[in-house]
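A.B. asks: Sequence first, predicted coordinates after that:
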Amino acid sequence: MVKSRYILLALMLLNRSFGYAQDVSALVRKLQDKLELINSYEADGVMKTNVSFLKVPDAAVKVYYKKPDKLKIKNENGISLVPKGTIAISLNGLLRGHFTALDAGFDVISGIRVKVVKLLPADESVDIVLSTIYVDEKNLLILKARTTTKENGTYEVEMQYGKYKAFALPDKVICSFNSKDYKLPKGITFDYDDGSKKKEPAPGDAKGKVEISYSTYLINKNIPDSVF
């Protein structure tokens with residue numbers, strides 16, 4: 001009798017875990033369906049860069065996206081310190097491909113209760129090791145994504161939504177990363193102190209942060225491949 005009770009309890013826990021897995025997989029599919037409505041966009045915004053060892057002025061940017069994975073940031077200053085591989089800026093890339101979705105419970109972001117889902121890529125050859133997304137289930141919006149990569153460490157992207165939330169396009173994206181893990185392009189020098197001398201960047205342990213505040217989007221506009 002006791003043995004039968006243990007078996008019944010184990011079956012109940014297994015069914016419960018399987019039910020949770022089904023729930024988060026269905027949630028991810030809904031997010032994918034919403035993002036798939038965006039074939040392309042062209043967005044205008046302002047980029048703010050905060051890295052401890054550099055002084056980079058705010059700059060106007062244009063961001064171009066085209067399905068399935070083309071993303072281009074054009075900066076009027078010619079400098080974009082967004083970590084290579086930060087595909088979560090378009091979110092579409094983050095949910096593309098084959099992966100296992102695991103239920104990681106709930107959290108609260110800006111007063112909103114969010115579902116936490118961990119995404120494990122099925123393909124070991126991809127750069128992403130693990131992604132964790134924080135989902136506003138009511139509005140089907142990803143409010144935060146934390147991604148660990150093989151080449152550029154771990155970065156976190158927060159999204160704030162406004163007039164374009166029906167398209168899952170944020171008004172503001174805040175990307176945080178460890179400058180020690182970020183690989184700067186070779187040979188780049190920066191001169192934003194007084195214009196009199198140049199210095200080589202020397203990454204430290206401090207966090208870097210890049211913010212893009214969008215003013216307008218042109219959605220599903222025909223964007224030629226030459227832009228990328």
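C.D. replies: Done, it's in.
A.B. asks: right, and residue 44 touches residue 212 too?
C.D. replies: No. Between residue 44 and residue 212 no contact is recorded; they are 10.2 Å apart, counting by C-beta atoms under 8 Å. Bear in mind the C-beta positions are built from the backbone N, C-alpha and C, glycine included.
A.B. asks: Find the residues that touch each one of these two.
C.D. replies: Overlap of the contact sets of residue 44 and residue 212 (by C-beta atoms under 8 Å, 6 or more residues apart in numbering) consists of residue 61.
A.B. asks: quick one: which of these two has more around it?
C.D. replies: residue 212 (22 against 13; other C-beta atoms under 10 Å).
A.B. asks: host element of the more buried one?
C.D. replies: Taking DSSP states H and E as the criterion, residue 212 maps to strand 207-219.
A.B. asks: Now for residue 98, how many residues are close by?
C.D. replies: By other C-beta under 10 Å, neighbour count at residue 98 equals 8.
A.B. asks: Counting neighbours, what do you get for residue 97?
C.D. replies: The burial count for residue 97: 14, using other C-beta under 10 Å.
A.B. asks: ok, it to residue 55 distance?
C.D. replies: 37 Å (C-beta to C-beta, to the nearest Å).
A.B. asks: Could you do residue 228 as well?
C.D. replies: In terms of C-beta to C-beta, residue 228 sits 29 Å off from residue 55.
A.B. asks: And the helices in the chain?
C.D. replies: Using DSSP state H, the helices found in the chain span residues 2-35.
A.B. asks: helices and strands of it: which one bottoms out on pLDDT?
C.D. replies: Lowest by mean pLDDT, DSSP states H and E among the helices and strands of the chain is helix 2-35, with a mean of 63.
A.B. asks: is residue 209 in a bridge, and if so with what?
C.D. replies: Per DSSP bridges, the residues bridged to residue 209 are residue 50, residue 176.
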